[in-house]
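Enquirer: My questions are about this predicted structure, shown below with the sequence.
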Amino acid sequence: MSRQKIVAGNWKMNKSLQEAKTLVEMIINQVNDFDEVTKIIIPPFPFLDAVNHLISSKANFSLGAQNCHTNAGGAFTGEVSASILKSVGCDYVLVGHSERRQFFKEKEADFILKIKEALKNNIRPVFCIGETIHERKTDNHFKVVTEQLSSVLKEFSVAEFSKFILAYEPVWAIGTGETATAAQAQEMHAYIRNIVTDLYDSNIAAQVSILYGGSCNPQNAQELFKCPDVDGGLIGGASLNADDFCKIIFSF
């Protein structure tokens, strides 16, 4: 079974509504007929419905959200539940992004609850893991990624995990201009696949898509995507430019 090839654009807290519509239209015009890659657009919450209207009938485009709450509903002002996300067309949601870990102090217990809510609503979690520059320089990167993965995945069955996408984010390479080399990316992606083998089995590990999420851009995407265990990218800054995002999509 060939793994799903994915390019996901995480817009973070950027764009106005009109800019969002224009960006999506420009992307569609360039890659609408290219259905070999799953294209996931992950805009800020207020733009989800508008973006969904633009992409819902297009070839292999999907809508993703940047976060969801741990609860199904209730008095949580400012938060958004997985059921709300599903109602506006979301098929994917980011969980465990490095910025949620760093700035919002989210922990493994939060990620487990978020993923459970996502799965209940038939939303596929894109679960992010990765090390900081200190953890890399002190040779703790494998230990950190092992702990991040095992502490969460142990709570999910094989059937549940089959819905997961994993994203490796070397935190030191996000928004810094630094990028892991293709060899570094492949080394960690293969390591992650081995962790999944240990937690489940080799067949399950062979099927899960693992995205690279550390300053992937049109210049390095082709080299990264040639790596046997890199199945695509979780794109930040480059997803805000239609030409750059489309060049990455065509890099397989």
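Expert: Here it is on my side, so go on.
Enquirer: rest of the way, CA atoms for contacts and neighbours
Expert: Will do.
Enquirer: shaky segments in the protein?
Expert: Within the chain, the ranges that satisfy pLDDT under 70 run 1, 175, 177.
Enquirer: burial count for Val80?
Expert: The tally of other residues near Val80 (other C-alpha atoms under 10 Å) stands at 19.
Enquirer: Ok, Ile210 next?
Expert: With neighbours defined by other C-alpha under 10 Å, the count for Ile210 comes to 29.
Enquirer: residues contacting it?
Expert: Under the criterion of C-alpha atoms under 8 Å, 6 or more residues apart in numbering, the neighbours of Ile210 are 165-168, 189, 229-232.
Enquirer: Please apply the same query to Ala190.
Expert: Asp229.
Enquirer: how about the helix or strand hosting it as CSV, C-alpha atoms only?
Expert: Element membership for Ala190 (DSSP states H and E) is helix 182-199. Provided in CSV are the C-alpha atoms of helix 182-199 (Å, rounded to 0.1, in the frame of the first residue of the first chain):
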residue,chain,number,x,y,z
ALA,A,182,17.6,15.9,3.8
ALA,A,183,19.8,13.3,5.6
GLN,A,184,18.7,14.7,9.1
ALA,A,185,15.1,14.6,8.1
GLN,A,186,15.3,11.1,6.7
GLU,A,187,17.1,9.9,9.8
MET,A,188,14.4,11.2,12.1
HIS,A,189,11.5,10.1,9.9
ALA,A,190,12.9,6.6,9.7
TYR,A,191,13.4,6.7,13.5
ILE,A,192,9.7,7.7,14.0
ARG,A,193,8.6,4.9,11.8
ASN,A,194,10.6,2.5,13.9
ILE,A,195,8.9,3.8,17.0
VAL,A,196,5.5,3.2,15.4
THR,A,197,6.7,-0.3,14.6
ASP,A,198,7.5,-0.9,18.2
LEU,A,199,4.2,0.5,19.4
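Enquirer: For the closest residue to Leu23 other than its chain neighbours, grab the count of nearby residues.
Expert: Leaving out its chain neighbours, the residue that sits closest to Leu23 by C-alpha to C-alpha, 6 or more residues apart in numbering is Ala242, at 6.0 Å. Here the number of neighbours of Ala242 (other C-alpha under 10 Å) works out to 19.
Enquirer: what does Glu108 give?
Expert: 17.
Enquirer: residues contacting it?
Expert: Contact analysis of Glu108 by C-alpha under 8 Å, 6+ apart lists 96, 148, 151-152.
Enquirer: Next, Gly233: secondary structure please.
Expert: In the three-state summary, Gly233 is assigned as strand, counting by DSSP: H, G, I helix; E, B strand; the rest coil.
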